[in-house]
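Engineer: Dropping a prediction and its sequence here:
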Amino acid sequence: MSDRNITFYPEEKTIILGEKNTILEASQKAGIGIEAPCGGRGICGKCRVRIQHGEREPLTKVEKNFLSSSDVEKRIALACQCRGYGNLEVLISKQENGLSRKLTLETKTVSLDTDLRKEYLELEKPNVHDFRSDEKRLLDGLKEKEINPLRFDILSHLPFNLRKNDFKVTAILAGNELLAVEAGDTRNKIYGVAFDIGTTTVVGFLLDLCQGLVIGAASRTNKQNSYGADVISRIQFCNEQENGLKCLHEKVLGVINEIINELASQNGIDTETIYQASVVGNTVMAHLFLGLSPTALGKTPFIPVFSSMTVVSADTLRLEINHHAQVIVLPNIAGYVGSDTVAAMLAVGIDKNTEPAMMIDLGTNGEIALACEERLYTCSTAAGPAFEGAHIHQGMRAVEGAIEKVCIDKTVIIHVIGDVVPCGICGSGLIDAVSELVKAGIINNNGRMLSRKELEGKIPEELWCRLRPNGSGQDFVLHYGSTDAADIVLTQQDVRELQMAKAAVRAGAEILLKEAGIQAKDLSKVMLAGAFGSFVRKESILSIGLFPRVDEKIIYSVGNAAGEGAILALTSEKERHYAELLARKATHVELSLRPDFQRAFRDACAFM
């Protein structure tokens, strides 16, 4: 078999690849994201593409397990399995529409307390009586006593910048560091960007640092998702592939640069006028962003390379803003409690509550923080990516076509994002569906979906008819499909995935309460962070026992608290220092070392 061309649509990008490569491998080399939650190991069936033209090799055993006869007729293939005999044209479905949910902020106006500043100077021109160098002339004009020595690149451009506008220039400083010198008066152009790098989604905010305004927001799927849905998969990729770290580093930088250029274009600004960036993310994402190996995070005792706040120049990272801009990465707390948790705690002021308060981030990873009196505790639960739809039979992220709400009485009522024909179910819909089926008596307290035989005459006929065996348990039909669309079902395995995820979160919360010496009834506030927490129904999470029983009235959604914290860190030096204080103050509880965690986990598996 000779080399062949593979063309990806809708990008219309073509790549030449050898005979041994799969469509997924081709997409990775082409820089095109195909979601592969299992990292291409053939165990999730989610990397579906449609072959529009060309002949493929016969279906693999893995594909036969995941693809229906209808899928095969439509020329659906699994990208991690499929190879072609010749040239292929492949259509990739995109899931970007729902990412705007990540962009919601509590406020768009911020207080400025930053050491980033611009000073406009009208310098004296050289003459026969004034022989000062350009460097000294600039420093004299600044009248700053402790300016760090000027970098060579500033010196190399200095004579042109001084003379371009008749020795009228603007100096950009961050503390004692001179970042740049610009010709003319550019004092009204100071911008910064703040990023929340999630395992699934990357969100960026553009700020006008003259006015203290958030003027733009954008998000993208984290293109590392082709290498696995969770951080463990990505750590393994770094370990197993020779250039794995470089690949994942470049993927996330590429996404961030796309966001930067989109924000700059939308707001009509030059990226060179972005002089500062703040970045938060879980510990693994922060390492991959900086190009630091996360290898030691993949095994006990989960040691990160860094934990303190880190500042690096934009040109070192090849970030497409002013190349001398400062990039500030907030501190981590532990191997699996990162700067995103620190930023969220900063945003909600978790330690400023007079009574005990808990914050839970139900993203791809589950981080929990508890403030009690003067103490602060954190932990990370191995909840897995079920809340993001990964490892769920027809799971998907919260994008157009995802079932996000389910109500069951005598029939099933669903709400679909975008009000379109459903093509899967996202995390909030999954929690709703299981909660409703438990209340209806279709799922018992142990998480087993009962059969038609067990439920005959005990539930409404319309619900009874939706049950059907699948060989390893029961399926429940949430939505009947058509000739063009498959039925959307909840499987027994889906229930087990959610059961494991919710038990991990519940057990983690119980351990933190125990560590603080309090009970759930002592909590004054439970804050749900992240976009997921904004859309999941309180009654559903309480019904399935996702965390300790509390009054529904004390549960609050705090939206993208990590993004809010990243903005605070960008705009306030004081808040940055407070973030460091929070990270140092926190006592991390490593659940894997607690024998009582397994007991709490077992107890939390029940639906009651």
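Structural biologist: Okay, I see it.

Engineer: Distance of N444 relative to I408?
Structural biologist: In this view, N444 and I408 are 16 Å apart by CB to CB, to the nearest Å. Using the backbone N, CA and C atoms, a C-beta is placed for each residue, glycine as well.

Engineer: Now do the helices in the stretch 151-300 of the chain.
Structural biologist: Ranges of helices in the stretch 151-300 of the chain, per DSSP state H, counting those that start in this stretch, are 152-164, 231-240, 244-267, 283-290.

Engineer: Out of those helices, which is the most enclosed?
Structural biologist: Here the criterion is mean neighbour count by mean count of other CB atoms under 10 Å, and of the helices of the stretch 151-300 of the chain the winner is helix 283-290, at a mean of 26.

Engineer: relative to helix 231-240, how tilted is that helix?
Structural biologist: With axes from the mean of the first three to the mean of the last three CA atoms, to 10 degrees defining the directions, helix 283-290 sits at 50 degrees from helix 231-240.

Engineer: other SSEs contacting helix 283-290?
Structural biologist: strand 191-197, helix 231-240, helix 244-267, strand 274-281, strand 326-329, helix 339-348 (3 or more CB pairs under 8 Å, 6 or more residues apart in numbering; DSSP states H and E).

Engineer: and of the ones you listed, who's closest to K61?
Structural biologist: In terms of CB to CB, the element of those nearest to K61 is helix 231-240, at 22.0 Å.

Engineer: mean pLDDT for the helices and strands packed on helix 283-290: which is lowest?
Structural biologist: If you rank the helices and strands packed on helix 283-290 by mean pLDDT, helix 231-240 sits at the bottom with a mean of 92.

Engineer: That one - contacts with which helices or strands?
Structural biologist: For helix 231-240, the elements it packs on are helix 244-267, helix 283-290, judged by 3+ CB pairs under 8 Å, 6+ apart.

Engineer: so how many other residues sit close to L450?
Structural biologist: Residues lying near L450 (other CB atoms under 10 Å) number 17.

Engineer: got it, and K521?
Structural biologist: Neighbours around K521, by other CB under 10 Å: 10.

Engineer: Assign it to helix, strand or coil.
Structural biologist: helix (DSSP: H, G, I helix; E, B strand; the rest coil).

Engineer: so who does the residue lying closest to it once chain neighbours are set aside touch?
Structural biologist: When the adjacent residues along the chain are set aside, K521 lies closest to V550, with 7.3 Å between them (CB to CB, 6 or more residues apart in numbering). Residues near V550 by CB atoms under 8 Å, 6 or more residues apart in numbering: 520-521, 523, 526, 542.

Engineer: can you put those residues in JSON lines and add distance to D134 and pLDDT?
Structural biologist: Listed next are these as JSON lines, based on distance: CB to CB, whole Å; pLDDT from 0 to 100:
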{"residue": "A520", "distance to D134": "66", "pLDDT": "95"}
{"residue": "K521", "distance to D134": "69", "pLDDT": "95"}
{"residue": "L523", "distance to D134": "62", "pLDDT": "96"}
{"residue": "V526", "distance to D134": "59", "pLDDT": "95"}
{"residue": "L542", "distance to D134": "67", "pLDDT": "93"}
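
Engineer: Just the buried residues of these.
Structural biologist: Among the contacts of V550, the ones that count as buried by 16 or more other CB atoms under 10 Å are 520, 523, 526, 542.

Engineer: for the helices and strands packed on helix 231-240, which one sits closest to I511?
Structural biologist: Across the helices and strands packed on helix 231-240, closest to I511 is helix 283-290 (CB to CB), at 19.6 Å.

Engineer: got the CA coordinates for the closest one in CSV?
Structural biologist: Extracted C-alpha coordinates of helix 283-290, given in CSV (Å, rounded to 0.1, in the frame of the first residue of the first chain):
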residue,chain,number,x,y,z
THR,A,283,-1.6,21.0,38.2
VAL,A,284,-1.1,18.8,35.2
MET,A,285,-2.4,21.4,32.8
ALA,A,286,-0.2,24.1,34.4
HIS,A,287,2.8,21.8,33.8
LEU,A,288,1.9,21.1,30.2
PHE,A,289,1.4,24.8,29.6
LEU,A,290,4.9,25.6,30.9
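
Engineer: Let me know the helix or strand that Q28 is in.
Structural biologist: Secondary structure from DSSP states H and E places Q28 in helix 23-30.

Engineer: angle of that helix against helix 244-267?
Structural biologist: With the same axes, to 10 degrees applied, the angle from helix 23-30 to helix 244-267 works out at 60 degrees.

Engineer: Identify the residues contacting helix 23-30?
Structural biologist: The contact list for helix 23-30, computed with CB under 8 Å, 6+ apart, reads 6, 8, 13, 15, 17, 21, 33-34, 36, 40, 47, 49, 77, 79-80, 82-84, 88, 90, 92, 226-227, 247.

Engineer: same deal with stretch 538-548?
Structural biologist: 358, 360, 362, 428, 431-432, 434-436, 438-439, 498, 502, 505-506, 509-510, 513, 519-520, 526, 549-550, 552, 555, 604, 606-608.

Engineer: how about that stretch as CSV, C-alpha atoms only?
Structural biologist: C-alpha atoms of stretch 538-548 as CSV (Å, rounded to 0.1, in the frame of the first residue of the first chain):
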residue,chain,number,x,y,z
LYS,A,538,-29.7,21.1,43.1
GLU,A,539,-32.5,18.6,43.8
SER,A,540,-30.9,16.1,41.5
ILE,A,541,-27.4,16.2,43.1
LEU,A,542,-28.9,15.9,46.5
SER,A,543,-31.2,13.1,45.4
ILE,A,544,-28.3,10.9,44.2
GLY,A,545,-26.2,11.8,47.2
LEU,A,546,-23.4,13.5,45.3
PHE,A,547,-22.4,15.3,48.5
PRO,A,548,-23.5,15.2,52.2
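
Engineer: in it, what counts as buried?
Structural biologist: 538, 540-548.

Engineer: one step back: out of the helices and strands packed on helix 283-290, which is closest to H393?
Structural biologist: Judging these by CB to CB, what sits closest to H393 is helix 231-240, at 19.0 Å.

Engineer: Just give me how far that closest one sits from the chain centre.
Structural biologist: Going by CA atoms, centre = their mean, to the nearest Å, the spacing between the C-alpha centre of helix 231-240 and its chain's C-alpha centre is 17 Å.

Engineer: Contacts for that helix next, please.
Structural biologist: Contacts of helix 231-240 (CB under 8 Å, 6+ apart): 38-39, 199, 224, 227-228, 244-245, 247-248, 282, 284-285, 288, 293-295, 297-298, 336, 364-365.

Engineer: Give me the nearest residue to D166, chain neighbours excluded.
Structural biologist: That would be K125: by CB to CB, 6+ apart, it lies 7.5 Å from D166.
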